[in-house]
Structure formats: C-alpha cells, structure tokens
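Engineer: Give me a model of this one.
(chains A, B, C and D)
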There are 4 protein chains.
Amino acid sequence: MENKKTENSTKETSRIEAFSDGVFAIAITLLVLDIHVPSVKDNESLLPLLLADWTTYLAFLIGFFTLLVCWINHHYIFESICRCNGTLLLLNGFKLLVVSFTPFATAMLSKYIDTKQQQAAVNIYTFNFFLMGMAMFFIWYYASRKGLTKTASPEILKSVTRLYILAPVLSGTIFILSFFSISVCLILFVIMFLIFMIPENTRHRLEKRKHANS
Amino acid sequence: MENKKTENSTKETSRIEAFSDGVFAIAITLLVLDIHVPSVKDNESLLPLLLADWTTYLAFLIGFFTLLVCWINHHYIFESICRCNGTLLLLNGFKLLVVSFTPFATAMLSKYIDTKQQQAAVNIYTFNFFLMGMAMFFIWYYASRKGLTKTASPEILKSVTRLYILAPVLSGTIFILSFFSISVCLILFVIMFLIFMIPENTRHRLEKRKHANS
Amino acid sequence: MENKKTENSTKETSRIEAFSDGVFAIAITLLVLDIHVPSVKDNESLLPLLLADWTTYLAFLIGFFTLLVCWINHHYIFESICRCNGTLLLLNGFKLLVVSFTPFATAMLSKYIDTKQQQAAVNIYTFNFFLMGMAMFFIWYYASRKGLTKTASPEILKSVTRLYILAPVLSGTIFILSFFSISVCLILFVIMFLIFMIPENTRHRLEKRKHANS
Amino acid sequence: MENKKTENSTKETSRIEAFSDGVFAIAITLLVLDIHVPSVKDNESLLPLLLADWTTYLAFLIGFFTLLVCWINHHYIFESICRCNGTLLLLNGFKLLVVSFTPFATAMLSKYIDTKQQQAAVNIYTFNFFLMGMAMFFIWYYASRKGLTKTASPEILKSVTRLYILAPVLSGTIFILSFFSISVCLILFVIMFLIFMIPENTRHRLEKRKHANS
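Structural biologist: Residues are numbered from 1 along each chain as shown, chains lettered A, B, ... in the order given. Model prediction:
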C-alpha cells in the first residue's frame, strides 16, 4: 500500500471527511430529540407552555452553533490537509468522540440551566467545549508539523497555527470562568463564535495586525 | 490557503453538500421516530387503532415532503454554486438549523392537529416553513450576487432569482393565513409543492411567460 | 443551467446517491433502537429473557435484510443511471419515503408477530415491502425509458427491466399471500432475497435462459 | 453493465464506502442516546450522581473505540480494494449488521456491567466483537483472493492477510476468556486496540519481524 500513497492521497482524506461529516451531521440533528413536545392540559394553551421551556431552546441553539462552528473549522482545516496517517485518524477520532458527546452535554445544560444544578451543568458543557478546542488545535498542529498539508508558504501555515492556538486558550478560559460567572461565559462564547465562524477572515485580520506591528 | 482557491473550488462545495445531505437525510428519517406503535388491548384490534391515528401519518407525510422538496431545491441551487465562502457556510448553517428543527415542528403538528391547540401547532409549523423559504432565497441571492455561481447568462441567473423570491413570499403568505384558515394553508402548501418539486421546469415556464409578455 | 447539463451529469447523480445512502444508512441503523435492553428482576437471569425476545431479533434481521437488499439494488440501478431530472428525483423521493417508513413497519412486526394482531402487522409490513418493489421498478423503468442511463446495448437494458419487473410482482404476491399464510410469505421473502441479493448474477441467468429458449 | 466495469470501478467502491461510513457514523453517534441525564432530587447534587454512573461512561468509551477502530480498519482495507462485486456487498452487509447491532450490545454492557448479570452482558458484547473481527477478515480475504484489490506486490497482500487473521483470532480469544475473567478481557481489548489502531504500522512491524526471522 505504501507505494500507492501519492495517487491515493485525495481519496484518503475524502473518506475521513465523509465519516466526520456523518458524525457531525448526526450529532447536530440529534439535538432536536431533546426538545419534547409538551403535553397540554385542558385549561392550558400550547404557546405559553412552549415559551416557559425557553431553556431548552437556548440549549438547542448553543449546541447547534457549537457543532456548526466546529464543523466549519474542521472543514477549513481539512481544506489544507491532503495526506493522512494513522495518528491523524486517531486525533480526528478523539475530536469525533467529543462531538458525539455534545448532545448529552447539551441535554444536561437544557435540563439544569434554570435550576440549582446550573453550576455543574455549565461546568460539564464548557469542559466538553474545551476538549473540542484542544482537539481542533492538535489536529492542525500535528498535520502542519508532519507536512500533511498542501504546500503553502510557511507564513500562511504559521498564521493558521496562531489562529488555532486561540481555540484551546479561549475555550479553556471559558471553562475556568464557568466556576465564577455564567453570564461572562456566555459573552465569551459569543465572541469565540464571532472569531471562528469565518476562520479565513480572522486569519487575515491576525496577519494584517502582525504586519502593522512589524 | 488563499492562492489555492481555484483548484479547491469543487472540493469546497462538495463538502458543504455532503454535510447538508447528511443533515437532510437524518432529519427526514427521524420523522419516523414520532410514529409510535400503538399498544393493543385485549378486546381491540390493530388496524382501527392505526387508522384512528391518521393525524400522525398526515404530519409524517407533510414533514417528509417539506424536507424532500427542500432538499431537491438545495440540490438544484448547489448545482450552480461552485465556490464557497464563510458567509455562505453561515447562511447554509441557518438553513440546516431550520431543517434540524423540522422534526420537532412536525411532532407538534402530529400531536395537536386534531385538538384545541391546533391553531398554535399550525402557526409554529408554518413559521418554521417560512424560515426555510427565507433561508433558501438568501442562499441563492447571496451566491448569485457574490459571483459564487458557475458562469451562466445573466438572464438565467435572473430567472432563478425570480423563482426563489417565490419561496419566502408564498411560505410567508401561508404563515399569515395559518392564523385564519388551516385548510387554505394546506391547499397553498400543495400548490407550493407543485411549483418547487421540479424547479427547473417552473423556471422554464416563468421564463417563457416573460418572453410572451415582452 | 440547461447548457451545463453534460458537464454536471456525474455530479448530479452522485448527490442523489449520497442523499439516498444517508437515508438508507440511517433507516438501517435506527432498527436497533427498537431492541430494548430487558430489565432483569432479582430472581431472573439475562440470557433466558433475551432468548424469550426472539421475535424482536427476527424482526430486526428481516428489517435489516430488506433495507440491505434494497440498497444493493438501488446501488446496482444507479450504476447505470448517469443523468437525472426532476421526475427521477421525485420517484427516488417516493422510494426514500418507503425506506424511512420501514423502521416503523419493522417495529410493528416485532411487537405483534407473536400475538393475535400478527395478521395485521404482517399485512402492513408486506404492503410496505410491495411499495418498495414498485418504487424500484418505476425508478428503473422511467430512467431507462427516458434515456437517463449510460449507453448500453438495448438487450442489456431489456434484461435489467425483466429483472425489475420481478420486484413488484413477487412483493405483490407476498402481500396478497400475507392474508392467507405467514410461513409461505417468509419462504417467498427468502427466495426474493436470493434473487435480488446479487442482481448482476440473476440478470445473467435470466439472459442465458432466454438465449437457451430462442 | 458488464462491459462498463473498468470505467466504473472507482465509483462502485466509493458508494460502498459512503454507505458504510453512514452506518458507522450513525452507530457511533447513537451510543450517546444511551447516556441519560440523571434526575436530581432536592437534597442531591448533580456531580456525584454523574460519577456514580461511571459504568455508562465506560461502556460508551468501549463502544466508541470499538467502532472507531473498526472504521479505521474498514477504511484501511478499502484503500486497497478498488473493484466490487455482489459477494463483497453481502460480506460488507454482514459487517454492517454487526456494526448496527453494537449500540444495543453496548447498552446492555452499560446496564449490567456492575450487576449480577455482568457475565452474560460481557459474553454478548464480546461475541458481537468476535463477529466483527470475523467479518473484517472475510472481507479482506475474499477481496484479495478474488483480485478485487489494487495491483500490489503479493508480499504486501500477504502481510495484510497475516494482520487480519489476528482480528478473529484475538477477538475469538477475548470471547472465550469472557467466560472466565472479565479483567483479562479488558486488558486484551486494550492490546487489540493498540494493534489495530494504526494498521499500517503494525503491518510494517510484522513484515520486519518476518524478514529478521528469515
């Protein structure tokens, strides 16, 4: 198989991507299974009952955007990665483990965000989020170090690395802050969303700022 | 990564499509989880129990055809889109949010279509439907404006745009009418289905009518 | 878009196939959700409880092989189909409707195969099965009539058509027989499985027999 | 269709892979549905309740890594397989049957690993595991015998075969040992994971050892 590597290279990553796309797509769609249709009693009406359930929808949106942005960045990173080896498969496997765990973390958030157990639920969710940031960074770092990426200028590779160091740093900060203030966490989550929702733009801005400094 | 855009272009959209296909396929298959096998008591028989449950099947069919036609049009639009950027990923993400919410809206429809809460259930379903129409229009409008489509005559692009303006207009009308008459909604839903089930044909007809007028 | 058809043709069918693969894969995996882990009481042990549940496993296997053989034939047919139009998308959509309904029909079979409601449950399952055979035939018939297939000798096309006429005929027979004898149904189901599990071989045999006759 | 085989070959295996990826991705993500959010009573707190549920997480991890390593090896094998026939589809179908059954075996493990029914639950899980190893071996053995693989030196093919004989042998041993000692099973499971997590490396090591011997 060895001597076939060059011809196969596109096919190899394309199957990692297909499998990962599958896991992402399922995890993101399973979130909806956690929203239960309420049972209306005789003297009630449906709309107020649904609105009272706002924590479920908030958790659904948080889970959805977590996984969507995660997929966008997975897609962005694998645009550059064109070769694949066993270690990359395992790192990606760890990433998928976190992704497939996310519906559970979201379900916990949804159930306890409005109760006394709020603290523990948010801690668990943000820890899961932190692991996701770590996995993202490790995938990119490993692939760029081992030369599994397309040939690009070292400067571009470095600026992507700078971008993805932010992922574990910010999500780690969110995890630590989750022990102190949940609203600050939510604000940082939105900021992180804005940073990573269009990674190419952020990378450009980082690069420009660096050039302005030097 | 920048300077690789041209070579990558096919690969980029193909992964959006794969991920979207995944979400569509799961959402459309999850609908069945909402049909429960009835528990037959000793003096009952299965068939009448199933028939009594007709609202579940109606909702299943409505949900299925909503998602199927939505997929057909997603497929039709992405036949022309060949480049991709961050904003398109986000617009598509919004679309997928609505798609993944559809099994819940359908479950609500199924549970309450035959009860006093009918009104609220239909409102929610048609609002979800309206968001779907909006998302479809925005994806096409953004892509055609930003030149992310294949080079085609401006006339063809315009006629596709004319077709997809119909999506939010008609689904918005259905949403508004859902406050007044549910049967009119159902009729309009069928008409919209006929218009969008084979988008290429409708586009041709719109174009011909325009030529006949001028 | 019209004038792009030739270049796009591969891409078009590949996305139908991806979407269908998704629906098949999910439907076939959802079957397992219907097998519940039994709750063992203090004076019981697990194995006999599991064995007592044999109808669930039988239904799981029947559902699995129904969908697997159906996928194999879908794959076989779409090997030859290389162009795609709106009607084909709708016919395929009908097929997917039946596929996505199969986990429900299987769950019903699993729950009632060993009870007084057996008859109704088998009728519903075999009716679903018959619709599947019909859909398969219509997809092939329409595609071969409209010239959406790869250029092949008319003789080969005809022999494939002869093969797929068998699908609705046999599954229709099974449906009718389900009102009289369930064990005959099961035997015919196994025969049909043997015929369609490797469609290419069966087609060859049909062709040879025809040549022998003429 | 016969005479088209050569041109089609890539497309054929790519669709088996897509379908299999779908089934793997769904099975691996369904595992999470088995982790239930605990209901906290007034005088309890969430974290200890979650920790008390450690068997669920252990089972989730075992199930996840079983399916991940299985996918990695499926991916590895199908890198070399480039042609496909009916029998291969059936062998792969058997493999997918075992894969789609795994969430159930895992759920049973999760429920009974800490009870008196432990023995039976572990037996069932390891039997499922053994079937998986068998299926893997048969797929490779059949494909390499029938010349469905890419042209590679016979030596490489043989060394891959030597690697995949290990799969049924080791998993069969684990199944037999599961009647005697569960901890030994767990150790062997970890060893097997290390052997198969990067199949290319193990194959190299096997080859080197052989050359050293001769």
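Engineer: My guess is A:P168 contacts A:F130. True?
Structural biologist: Yes. Using C-beta atoms under 8 Å, A:P168 and A:F130 qualify as a contacting pair, with a distance of 6.9 Å. Bear in mind the C-beta positions are built from the backbone N, C-alpha and C, glycine included.
Engineer: So the two - more neighbours on which side?
Structural biologist: Between A:P168 and A:F130, A:F130 has the larger neighbour count (other C-beta atoms under 10 Å in any protein chain shown), namely 22 against 19.
Engineer: Name all residues that make contact with the more buried one.
Structural biologist: By C-beta atoms under 8 Å, 6 or more residues apart in numbering or on different chains, A:F130 lies in contact with A:P168, A:S171, A:G172, A:I174, A:F175.
Engineer: so the first one is in which element?
Structural biologist: In other words, A:P168. In this assignment (DSSP states H and E), A:P168 forms part of helix A:154-177.
Engineer: Briefly note if that helix comes near chain D.
Structural biologist: No. Counting by C-beta under 8 Å from any C-beta of the partner chain, chain D is not contacted by helix A:154-177; separation bottoms out at 15.0 Å.
Engineer: and that helix, which residues are buried?
Structural biologist: Buried residues in helix A:154-177, counting neighbours by 16 or more other C-beta atoms under 10 Å in any protein chain shown, are found at A:156-157, A:159-160, A:163-164, A:166-168, A:170-175, A:177.
Engineer: Would you mind trimming the residues you listed to those in range of chain B?
Structural biologist: When the buried residues of helix A:154-177 are checked against chain B using C-beta under 8 Å from any C-beta, the ones in range are A:I156, A:V160.
Engineer: Out of the buried residues of helix A:154-177, which comes closest to chain B?
Structural biologist: Chain B has its nearest neighbour among the buried residues of helix A:154-177 in A:I156, at 6.4 Å by C-beta to the nearest C-beta.
Engineer: For A:F137, give me its contacts.
Structural biologist: Counting by C-beta under 8 Å, 6+ apart, A:F137 makes contact with A:Y164, A:I165, A:A167, A:P168.
Engineer: Adding distance to A:K95, write the residues you listed out as JSON lines.
Structural biologist: Listed next are the contacts of A:F137 as JSON lines, based on distance: C-beta to C-beta, whole Å:
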{"residue": "A:Y164", "distance to A:K95": "13"}
{"residue": "A:I165", "distance to A:K95": "17"}
{"residue": "A:A167", "distance to A:K95": "11"}
{"residue": "A:P168", "distance to A:K95": "13"}
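Engineer: What is the nearest of the residues you listed to D:D42?
Structural biologist: Nearest to D:D42, judged by C-beta to C-beta, of the contacts of A:F137 is A:P168 at 37.3 Å.
Engineer: Next, work out how far apart that closest one and B:L206 are.
Structural biologist: Distance of A:P168 to B:L206, given as C-beta to C-beta, to the nearest Å: 52 Å.
Engineer: do the same with A:F196
Structural biologist: As judged by C-beta to C-beta, A:F196 and B:L206 stand 40 Å apart.
Engineer: now A:L166
Structural biologist: From A:L166 to B:L206 the distance is 48 Å (C-beta to C-beta).
Engineer: May I have the secondary structure class of A:E44?
Structural biologist: Using DSSP: H, G, I helix; E, B strand; the rest coil, the structure places A:E44 in coil.
Engineer: contacting residues around the helix holding A:P168?
Structural biologist: With C-beta under 8 Å, 6+ apart, helix A:154-177 has contacts from A:73, A:77, A:80, A:123, A:126-127, A:129-130, A:132-134, A:136-137, A:140-141, A:144, A:149, A:184-185, A:188-189, A:191-192, A:195-196, A:199, A:202-203, A:206-207, A:210, B:1-2.
Engineer: If any of the residues you listed are buried, put those into a ChimeraX selection.
Structural biologist: Those of those that count as buried under 16+ other C-beta under 10 Å are selected in ChimeraX with:
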select /A:73,77,80,123,126,127,129,130,132,133,134,136,137,140,144,149,185,188,189,192,195,196,199,202,203,206,207 /B:1
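Engineer: for chain D, what are the nearby residues on chain A?
Structural biologist: Within chain A, the residues that sit near chain D (C-beta under 8 Å from any C-beta) are A:1-4, A:8, A:11-12, A:15-16, A:18-19, A:21-23, A:25-27, A:30, A:33, A:85-87, A:89-90, A:93, A:96-97, A:100-101, A:103-104, A:107-108, A:111-112, A:115, A:117, A:120-121, A:124.
Engineer: Any of the residues you listed buried? List them.
Structural biologist: Applying 16+ other C-beta under 10 Å to the residues of chain A next to chain D, the neighbour count classes A:1, A:8, A:11-12, A:15-16, A:18-19, A:21-23, A:25-27, A:30, A:85, A:87, A:89-90, A:93, A:96-97, A:100-101, A:103-104, A:107-108, A:111-112, A:117, A:120-121, A:124 as buried.
Engineer: Now do the contacts for the residue most central in space within chain A.
Structural biologist: Note on chain A: the residue nearest the mean C-alpha position is A:C70, at 2.9 Å, using C-alpha atoms, centre = their mean. A:C70 sits next to A:F24, A:V99, A:M132, A:M136 when contact means C-beta under 8 Å, 6+ apart.
Engineer: Farthest-apart pair in those residues, please.
Structural biologist: Farthest-apart pair in those is A:F24 and A:M136; separation 12.7 Å (C-beta to C-beta).
Engineer: Are there residues contacting both of these two? Which ones?
Structural biologist: When contacts are counted by C-beta under 8 Å, 6+ apart, A:F24 and A:M136 have A:C70, A:H74 as shared neighbours.
Engineer: Residue ranges in chain A under the pLDDT threshold?
Structural biologist: Under the criterion pLDDT under 70, the flagged ranges of chain A are A:1-12, A:214.
Engineer: now the helices: where do they sit in it?
Structural biologist: Taking DSSP state H as the test, the helices found in chain A are A:5-30, A:46-52, A:54-80, A:86-112, A:118-145, A:154-177, A:182-196, A:199-213.
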